[in-house]
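K.L.:
pasting the structure only:
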């Protein structure tokens, strides 16, 4: 099946994800029980770009577009932002148990101290917001035929986040993502770049009330392009292999392979070949936190 997919025609991203990128007043609720700590223990390369100057990325590539991805962005090294200058801040998840509330609550799950050290303490239990089978949970919108999905216990309570807010004195000053690529962690959290092919992965957080699973494989052929440039025929594969346990789960979404596309302004443009979604037992050793300030 050929489907014409344009960059400017993208699906609306799940509203709870979009809340992570918004400023505004929020009210806090605390964890109910003991906490579960998640830490990155292995050293990682740290980079920061705030001045717009040319800088090599972790792969040694010098491009203006890399500069754009790194603008106002820091990458942690050994769980620390070495160039941190924001003082003590809270790390929170936007949390809307009552769906009719216009102002979301926030669930504090950690902090960054004055020296840039990151502490994440996930509450052992929370009250979930929705059900696993609710299709609005599919924040990446990369599968075209929802009939490809097979659920086990689709009615299990579910809560998930791909992005964490960073707050100071109740005001959102930026956000945190977790992964191994500055491009991938940006692309997969913004609706206009969800189909980009820059390789890497992002880690997201999912809490379930019970054991449950979501499985699905879809292979498609699509006609794609960026802006008004020439189209290409792309073969895409999307794999969901999510076996959830009760409590918190780490979900790894990986971009594997890409098609390079022309761009009318000469920018680096691409389309993904394959997405793989899986549950991992722990944070990968090459993962880092990316802080993007507002």
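P.N.:
That came in fine, so what should we check first? No experiment lies behind these values; they were computed from the predicted model shown.
K.L.:
where does residue 83 land in three-state SS?
P.N.:
coil (DSSP: H, G, I helix; E, B strand; the rest coil).
K.L.:
That one reaches residue 73, doesn't it?
P.N.:
No. Taking contacts as Cβ atoms under 8 Å, residue 83 lies outside contact range of residue 73: 10.7 Å. To be clear about C-beta, it is placed using only N, CA and C from the backbone, and glycine gets the same treatment.
K.L.:
Based on its surroundings, how many neighbours for residue 202?
P.N.:
Per other Cβ atoms under 10 Å, the neighbour tally for residue 202 reads 25.
K.L.:
who's the closest residue to it other than its chain neighbours bridged to?
P.N.:
Distance criterion Cβ to Cβ, 6 or more residues apart in numbering; nearest residue to residue 202, sequence neighbours excluded, is residue 179 at 4.1 Å. As for beta bridges, residue 179 partners with residue 202, residue 288 under DSSP bridges.
K.L.:
how near is residue 160 to residue 259?
P.N.:
As defined by Cβ to Cβ, to the nearest Å, residue 160 lies at a distance of 29 Å from residue 259.
K.L.:
cool, and residue 170?
P.N.:
Residue 170 is 44 Å from residue 259, by Cβ to Cβ.
K.L.:
Who has more neighbours out of the two?
P.N.:
residue 259 (17 against 12).
K.L.:
so where does that one fall, helix or strand?
P.N.:
Assigned by DSSP states H and E, residue 259 falls within strand 247-261.
K.L.:
Name the spans of this protein whose pLDDT lies under the cut-off.
P.N.:
1-66, 98-100, 227-229, 263-268 (pLDDT under 70).
K.L.:
Check it for me, the residue farthest from its geometric middle.
P.N.:
Relative to the mean C-alpha coordinate of the chain, counting by Cα atoms, centre = their mean, the farthest residue is residue 230 (29.7 Å).
K.L.:
Residue 121 is in what secondary structure piece?
P.N.:
Using DSSP H and E, residue 121 sits within strand 118-123.
K.L.:
quick one on the thing from earlier: near the residue nearest to residue 202, how many residues? Count them for me, please.
P.N.:
Using other Cβ under 10 Å, residue 179 has 28 other residues around it.
K.L.:
Quick check: bridge partners of the spatially closest residue to residue 95 that is not a sequence neighbour?
P.N.:
Among residues not flanking residue 95 along the chain, residue 107 sits closest, at 4.2 Å (Cβ to Cβ, 6+ apart). Counting by DSSP bridges, residue 107 is bridged to residue 29, residue 93.
K.L.:
And residue 107, how close does it get to residue 129?
P.N.:
For residue 107, the distance to residue 129 - Cβ to Cβ - is 11 Å.
K.L.:
wait, what's in contact with residue 112?
P.N.:
For residue 112, the contacting residues are 81, 84, 86, 88, 89, 91, 118, 119, 166, 291, by Cβ atoms under 8 Å, 6 or more residues apart in numbering.
K.L.:
The third one looks like it's in a strand, true?
P.N.:
No. Residue 86: not assigned to a strand; according to three-state DSSP it is coil.
K.L.:
all numbers from here: first residue = 784
P.N.:
Understood, numbering begins at 784; the last thing we discussed is residue 869.
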